[in-house]
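A.B. asks: Quick one: sequence and predicted model below, then my questions.
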Amino acid sequence: MEHESQFGPLRGLRVLETATGVAGPYAGRLLAMLGATVAKVEPAGGDPARRLSADGRAQRDPSPVFVHLNAGKRLLSPDAAAVPELLEWADVVLSDRVRREFGPWELRAGLADPPLLVSVTAWGVDAGSAGEPSDEMLVQAASGLLAATCHEDGGPDRFPGWQTQYLAGTYAAAAALAGRPGGHAETTWRAAAASAVES
């Protein structure tokens, strides 16, 4: 791929991002800020974060959240996902697909030097759904995070924004640096939030 980054401690690291929403794209954003070349392939219809509101109001495409999460990346058309050269080019693949595309088994097939796969989902690669940004409160409840705060009336008080997803994205970025080529590192929002509860 042309125009790879020339600056930062991660220059030379090539990342293919097929993740959508908040968690995976935040991992890609962190890597891009440190100099990695990140190529993002959106699904047909675009990343749902293109319309994700930061303040509860309807957003134009692209939303400020999408712009923040994808700054410094090369955005590719959905057709690029089918290009095998991208997998050969990548050192790391950030994905939120659940056993459909770029699974840990399919990724190794046919590649002499498969990249590290970092999966970033709400519940894990074996779950029926990767999770949507709107699942934030459910993940906070399942992880025990909601038990840490409550309203004056005793009811749960949701942490604002997408706390579990940003934390999972941070862990995924660390996994992208610590993993081995051809390996699989799995990060879930639920586990990331549970680690925050333990802290």
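C.D. replies: Right, received. Where do you want to start?
A.B. asks: check contacts around the residue nearest to the spatial centre of the chain.
C.D. replies: If you average the C-alpha coordinates of the chain and look for the closest C-alpha using Cα atoms, centre = their mean, you land on residue 24, 0.5 Å from that point. Shown in contact with residue 24 (Cβ atoms under 8 Å, 6 or more residues apart in numbering): 17, 18, 94, 95, 96, 120, 169, 172. Bear in mind the C-beta positions are built from the backbone N, C-alpha and C, glycine included.
A.B. asks: same thing but at 6 Å, please
C.D. replies: Residue 24 makes contacts with 94, 96, 120, as judged by Cβ atoms under 6 Å, 6 or more residues apart in numbering.
A.B. asks: secondary structure class for it?
C.D. replies: Secondary structure for residue 24, judged by DSSP: H, G, I helix; E, B strand; the rest coil, is helix.
A.B. asks: Dihedrals phi and psi, the closest residue to it other than its chain neighbours?
C.D. replies: What sits nearest to residue 24 in space, not counting adjacent residues and going by Cβ to Cβ, 6 or more residues apart in numbering, is residue 120, at 4.1 Å. Backbone geometry at residue 120, expressed as degrees, to the nearest 10, gives phi -130, psi 100.
A.B. asks: what about residue 29, distance to residue 139?
C.D. replies: Distance from residue 29 to residue 139, counting by Cβ to Cβ, to the nearest Å: 20 Å.
A.B. asks: I should have written residue 84 there, sorry.
C.D. replies: If you measure residue 84 against residue 139 using Cβ to Cβ, the figure is 34 Å.
A.B. asks: circling back to that earlier point, which one of the contacts of residue 24 sits in the busiest neighbourhood?
C.D. replies: Sorting the contacts of residue 24 by how many neighbours each has (other Cβ atoms under 10 Å) puts residue 120 first, at 34 neighbours.
A.B. asks: before we move on, the earlier item: between residue 84 and residue 139, which one's more packed in?
C.D. replies: Shown here are residue 84 and residue 139; by other Cβ under 10 Å, residue 139 has more neighbours (25 against 9).
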